[in-house]
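> Sequence and predicted structure are below.
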Amino acid sequence: MAVQLWCLSFRQPYAGLVLDGVKTVESRWRPLLALLENRTLAVHIAWQDWEGEEWRAALGGAWGLSAAGVQELLESGERFGRGVVAGLVDVGRTWQCPTSLPEAELAELQRSAVLIGLEEKHLTWLSNPRWLKGPLKAPGGRDLWTVEIPAELMP
């Protein structure tokens, strides 16, 4: 028996940060996750890394993690390797970030997204992250795609 879910590929380190509960806001240039509000999304770990190092500055700055703490998070996110469906997360509300927000509110959103430059992007709350019991090899895909996860891998 298997469970069919919508799936989205995330580049590292963001896939691991989502599944470890650090990244709780996903940002996209279009409202990709809006139709999945109040549903569960499967998280696929892409082969490629995120281009840029702003996440490292966010983890060290807003999160206050030491270099060792950042490394520990990175290692946790790699526990199943790449090219796999590794976990699940619940999708919340999607909204477009305004161009002008109070500085403290923008800083908190950037902390939750582990990313800067959120203005005008579509933001989606993510919650209840959980790792599968084991990895499910999958080629990934662009945008949303469906995956069947065997019941024995479900958390």
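Perfect, thanks for sending it.

> Buried residues of the longest strand anywhere in the chain, list them for me.
As assigned by DSSP state E, the longest strand anywhere in the chain is strand 122-137. Buried residues in strand 122-137, counted by 16 or more other C-beta atoms under 10 Å: His122, Leu123, Thr124, Trp125, Leu126, Pro129, Trp131, Leu132, Pro135, Leu136. Using the backbone N, CA and C atoms, a C-beta is placed for each residue, glycine as well.

> ok, now which ones touch the closest residue to Asp49 other than its chain neighbours?
Nearest residue to Asp49, sequence neighbours excluded (C-beta to C-beta, 6 or more residues apart in numbering): Gln12, at 5.3 Å. By C-beta atoms under 8 Å, 6 or more residues apart in numbering, the residues touching Gln12 are Ile45, Ala46, Gln48, Asp49, Trp50, Leu74, Gly77, Glu78, Arg82.

> hmm, back to that, tell me the one of the buried residues of strand 122-137 nearest Leu65?
Comparing those against Leu65 with C-beta to C-beta places Pro129 closest, at 17.7 Å.

> So the closest one versus Leu101, what's the distance?
Noted for Pro129: a distance of 25 Å to Leu101, by C-beta to C-beta, to the nearest Å.

> Just the helices from the protein, written as ranges.
Along the chain, counting by DSSP state H, helices occupy 14-19, 54-60, 67-77, 103-113.
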